[in-house]
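**Student:** Sequence and predicted model, in that order:
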Amino acid sequence: MATDSNKFQAIIAHCKEYGFIFPSSEIYDGLGAVYDYGQWGAELKKNIKDHWWHSMTRMYENIVGIDAAIFMHPTTWKASGHVDNFSDPMIDNKDSKKRYRVDHLIEAKIEALSNEGKQLEADLLQGKMDHLIAEGDFAGLKELIEDEKIVCSVSGTANWTDVRQFNLMFSTEFGATSDEGDNTIYLRPETAQGIFVNFLNVQKTGRMKIPFGIAQIGKAFRNEIVARQFIFRMREFEQMEMQFFIRPGTQKEWYEYWKGERMKWHLDLGISPDKYRFHDHVKLAHYADAACDIEYNFPIGFKEVEGIHSRTDFDLRNHQEYSKKKMQYFDNDVDPATGKPYGNYIPYVIETSIGVDRTVMLVLSEAYEEQDLSTPERKDDRVVLKFPPKLAPIKLAVLPLVKKDGLPEVAQQLMSDCKGAFKCFYEEKDTIGKRYRRMDAIGTPFCVTIDHQSKEDGTVTIRFRDTMQQERVPMSEVKHLVLRSMI
Ligand code: GAP
C-alpha cells in the first residue's frame with residue numbers, strides 16, 4: 001500500500017501504465033517537464049476543461065469565452081511587464097553547474113526541518129525567506145542559503161554564485177527572413193494577455209456591460225528552471241483563465257466574491273473543504289494589488305492549484321500606453337455620489353487563473369485509492385480511481401459475459417443506444433472480474449454485464465465502481481441512470 005509520501009510516485013506510475021500520461025517523446029528518453037496525455041488522460045483533461053468552460057460561460061450570464069492565438073505581437077509582453085519582470089531569483093552551484101530557484105531551494109530545507117519535527121525552526125526560516133523575497137533582497141537570500149548550509153543535491157557543495165533574475169519566457173523567430181528587423185517573438189507565458197488585447201473587441205461586439213468577464217482556455221509556456229514534480233510544474237501547460245472587468249474602486253468586494261465563487265467550484269467537485277486553503281501572496285506579482293492562491297493538499301503537501309489576482313488597471317493601462325489605442329469603457333450608469341454617469345474609465349480586473357494540468361493532478365490525487373479486499377479465504381486488492389462521473393474518461397463499460405450465444409449482439413445494442421450521449425467502452429475479452437478491475441483502474445463509474453437472462457427479460461447487471469455492488473436493472477434504464485450521475 002502506498003503511504004502519502006509515495007502515493008505521488010504510485011500515481012505517476014499508474015498514469016503511465018493505464019494510458020493517462022506519458023513523458024513527452026519517451027522513445028528519445030523524454031523531454032524535461034513536458035508530458036503527453038494518453039487516451040484516458042486526454043478524456044479526463046477534456047472533461048475538466050468542459051466542466052470549467054461550462055461553469056464560467058453558462059452559469060454566469062455575464063461571462064463569454066474566447067480563443068486567442070498563442071503568438072502575440074511582441075510589444076504585448078513589453079506592455080504586460082513580462083519582458084522586464086517575469087523572472088525568478090535563481091542561484092547556480094559552481095561545481096555542478098546546476099541552477100535552482102532560490103525559493104525552491106530554501107523551501108526544500110524548510111520541508112526537511114519540518115519532517116525532522118523542527119517546526120519552530122522551519123517557520124522561522126519561512127518567515128525570513130518571505131521577508132527577503134518581498135524586499136527583493138538578493139544578497140540577503142544568498143546569505144540565508146549560506147547560513148543555513150544549504151548544499152547542491154548533485155555536487156553536495158555550497159559553492160554558490162550570486163542570486164540573479166532569469167526570464168522565464170521562451171522566445172523564437174517569427175517569419176522566414178531576418179532582414180525585417182527584430183523578429184523575436186514569445187510563446188505566451190499566460191493566456192490572460194490574449195483577453196486584455198481583445199477587451200474592446202469583445203466588449204463592443206458582445207455589447208457587454210461592466211461588470212463582465214472574458215474566459216479562455218489555452219496553452220502557456222514557461223522555461224521553468226526547477227521543473228520537476230510530474231505535471232505539477234511543466235514547461236508547456238494549459239491554463240483556464242477568466243478576467244472580470246469592473247469599475248475602479250470596487251476591486252476589494254469583487255476579489256472577495258471571486259475567492260468565494262472559485263472555492264465553491266472546487267468544493268462542488270465533491271472534495272472536502274479541509275483539503276483546501278487560501279494562501280495570501282507575500283510578494284505580489286508586478287501587476288497585482290492583492291493576490292492569493294487556492295491550495296490543495298496534494299500527496300506532496302499543500303500546493304497552489306489556482307490563483308486569484310486583483311490586477312488593477314495595470315494591463316489595460318499599459319496596453320493603452322504602448323499601443324496608443326484607447327482601452328476605455330463608457331459607463332452610463334449613474335454614480336449615486338455625484339448624480340452623474342460614471343463616464344469613461346479604464347476598468348479594473350479581477351483574474352481567476354487555474355492550471356488544467358494541476359487540476360488533473362488534483363482530481364487524480366483525490367480519486368486514487370489502493371484497497372485491500374482480502375478475505376480470510378483469499379488475498380485480493382485493487383487500485384480504483386473514484387472520479388466524479390462527469391469527469392471520468394469512460395462513463396460506462398458494456399461487457400457481454402461470454403463471447404457467444406448472441407450476448408455480444410445485445411451488448412452492441414446498448415452501445416448504440418449510449419455512445420452518442422457519453423463515452424462508452426466495449427470489451428468481451430478476459431473474465432468479468434479482470435474486466436471490472438481494469439475499469440476500476442481507469443475510473444469507470446459503471447459496468448454493465450449482459451448475460452443470458454438479459455436476452456430473456458431485457459435486464460442487465462449494473463456494477464457500481466465505488467461500492468462494487470451489483471444490481472439488476474432494465475437495460476432501457478441504463479442510459480438515464482448514467483446521465484443522471486453526470487449532472
Ligand atoms: N495569469 C496569471 C497567471 O498566469 P500564475 O499564478 O503564474 O498566474 C496560474 O499561474 C496557474 O497556472 C497556477 O495556479 C497553476 O495552476 C498554473 N501554472 C503556472 N505555472 C505552471 C507550470 N509551470 N506548470 C503547470 N501549471 C502551471
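**Tutor:** Done, it's in. Numbers count the residues shown, from 1 in each chain.
**Student:** Quick one: name the residues of the stretch 351-487 of the chain near the ligand.
**Tutor:** Proximity of the stretch 351-487 of the chain to the ligand (CB under 6 Å from any ligand atom) is limited to residues 351, 353, 354, 355, 357, 358. For glycine as for every other residue, the C-beta is placed from the backbone atoms N, C-alpha and C.
**Student:** switch the cut-off to 8 Å
**Tutor:** Within the stretch 351-487 of the chain, the positions adjacent to the ligand are 351, 353, 354, 355, 356, 357, 358, 359 by CB under 8 Å from any ligand atom.
**Student:** What does the pLDDT read for the first one?
**Tutor:** With respect to pLDDT, residue 351 has a value of 98.
**Student:** who does the closest residue to it other than its chain neighbours bridge with?
**Tutor:** Take residue 351 and drop its neighbours on the chain: the residue closest to it by CB to CB, 6 or more residues apart in numbering is residue 309, 4.5 Å away. Residue 309 has these beta-bridge partners by DSSP bridges: residue 291, residue 351.
**Student:** State the distance from residue 309 to the ligand.
**Tutor:** 6 Å (CB to the nearest ligand atom, to the nearest Å).
**Student:** before we move on, what about residue 206?
**Tutor:** Distance, residue 206 to the ligand, using CB to the nearest ligand atom: 22 Å.
**Student:** and the closest residue to that residue other than its chain neighbours, backbone torsions?
**Tutor:** Once flanking residues are discounted, residue 206 sits nearest to residue 64: 5.6 Å by CB to CB, 6+ apart. Phi and psi for residue 64, reported as degrees, to the nearest 10, are phi -120, psi 160.
**Student:** got it, and the one 5 residues further on?
**Tutor:** Dihedral pair for residue 69: phi -70, psi 150, per degrees, to the nearest 10.
**Student:** picking that back up, can you flag which of the residues of the stretch 351-487 of the chain next to the ligand belong to helices?
**Tutor:** Of those, the ones assigned to helices by DSSP state H are 356, 357, 358, 359.
**Student:** circling back to that earlier point, determine which two of the residues of the stretch 351-487 of the chain next to the ligand are furthest apart.
**Tutor:** Maximum pairwise distance in these, criterion CB to CB, is 18.5 Å, between 351 and 357.
**Student:** ok and the residue in this protein nearest the ligand?
**Tutor:** Proximity of the chain to the ligand (CB to the nearest ligand atom) peaks at residue 355, 2.4 Å away.
**Student:** What about that residue, how many residues nearby?
**Tutor:** Neighbourhood size, residue 355 [other CB atoms under 10 Å]: 23.
**Student:** what's the residue in the chain sticking out farthest from the centre sitting at in phi/psi?
**Tutor:** Farthest-out residue of the chain from its mean C-alpha position, per CA atoms, centre = their mean: residue 456, at 47.7 Å. Backbone torsions for residue 456, taken as degrees, to the nearest 10, come to phi -80, psi -50.
**Student:** Retrieve the pLDDT associated with it.
**Tutor:** At residue 456, pLDDT is 95.
**Student:** how near is it to residue 450?
**Tutor:** Counting by CB to CB, to the nearest Å, the gap from residue 456 to residue 450 is 12 Å.
**Student:** which residues of the chain score low on pLDDT?
**Tutor:** 1-3, 5, 177-181, 226-228 (pLDDT under 70).
**Student:** For it, what lies in contact range of the ligand?
**Tutor:** Counting by CB under 8 Å from any ligand atom, the chain sits next to the ligand at 33, 189-192, 220, 222, 224, 227, 231-235, 237-239, 241, 285, 293-294, 304-307, 309, 351, 353-359.
**Student:** Would you mind listing which of those residues are buried?
**Tutor:** The neighbour count (16 or more other CB atoms under 10 Å) marks 33, 189-192, 220, 222, 224, 231-235, 237-239, 241, 293-294, 304-307, 309, 351, 353-359 as buried among the residues of the chain next to the ligand.
**Student:** Residue 223: neighbouring residues, count only.
**Tutor:** Counted with other CB under 10 Å, residue 223 comes out at 15.
**Student:** Ok, residue 342 next?
**Tutor:** Neighbour count for residue 342, taken as other CB under 10 Å: 18.
**Student:** for the stretch 251-400 of the chain, what spans make up the helices?
**Tutor:** For the stretch 251-400 of the chain, the helices defined by DSSP state H, counting those that start in this stretch occupy 251-267, 314-323, 356-367.
**Student:** One more: the stretch 101-250 of the chain?
**Tutor:** 102-115, 119-135, 138-147, 192-197, 199-205.
**Student:** any chance of those helices in CSV, plus distance to residue 376?
**Tutor:** CSV is the format used below for the helices of the stretch 101-250 of the chain (distance: least, CB to CB, whole Å):
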stretch, distance to residue 376
helix 102-115, 38
helix 119-135, 43
helix 138-147, 56
helix 192-197, 58
helix 199-205, 65
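**Student:** Tell me which of the ones you listed sits most buried.
**Tutor:** helix 192-197 (a mean of 23; mean count of other CB atoms under 10 Å).
**Student:** Remind me what that helix packs against, helices and strands.
**Tutor:** When contacts are defined as 3 or more CB pairs under 8 Å, 6 or more residues apart in numbering; DSSP states H and E, helix 192-197 packs onto helix 75-79, strand 212-221, strand 236-246, helix 314-323, strand 348-355.
**Student:** contact partners of the last one?
**Tutor:** What it means is strand 348-355. Here strand 348-355 makes contact (CB atoms under 8 Å, 6 or more residues apart in numbering) with 52, 190, 192, 196, 237-251, 254-255, 257-258, 261-262, 294, 305-313, 315-316.
**Student:** got the CA positions of stretch 376-395 in CSV?
**Tutor:** Provided in CSV are the C-alpha atoms of stretch 376-395 (Å, rounded to 0.1, in the frame of the first residue of the first chain):
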residue,chain,number,x,y,z
PRO,A,376,-9.8,-14.9,5.3
GLU,A,377,-10.0,-17.2,2.2
ARG,A,378,-8.4,-15.1,-0.4
LYS,A,379,-5.9,-12.3,-0.9
ASP,A,380,-7.2,-9.5,-3.1
ASP,A,381,-6.7,-5.9,-3.7
ARG,A,382,-7.5,-3.2,-6.3
VAL,A,383,-6.5,0.3,-7.4
VAL,A,384,-9.6,2.4,-8.1
LEU,A,385,-9.9,5.9,-9.4
LYS,A,386,-13.0,7.3,-7.8
PHE,A,387,-13.6,10.1,-10.3
PRO,A,388,-16.8,12.1,-10.2
PRO,A,389,-18.8,10.6,-13.1
LYS,A,390,-18.9,13.8,-15.0
LEU,A,391,-15.0,13.9,-15.1
ALA,A,392,-14.4,10.1,-15.6
PRO,A,393,-12.8,9.3,-19.0
ILE,A,394,-15.3,6.5,-19.6
LYS,A,395,-18.7,6.6,-18.1
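**Student:** Wait, residue 214 touches residue 67, no?
**Tutor:** No - with contact defined as CB atoms under 8 Å, residue 214 and residue 67 do not form a contacting pair (10.9 Å).
**Student:** Compare the two and say which is more crowded by neighbours.
**Tutor:** More crowded of residue 214 and residue 67, by other CB under 10 Å: residue 214, with 28 against 9.
**Student:** Contacts only, for the more buried one.
**Tutor:** Contacts of residue 214 by CB under 8 Å, 6+ apart are 63, 64, 65, 66, 195, 198, 199, 202, 242, 243, 245.
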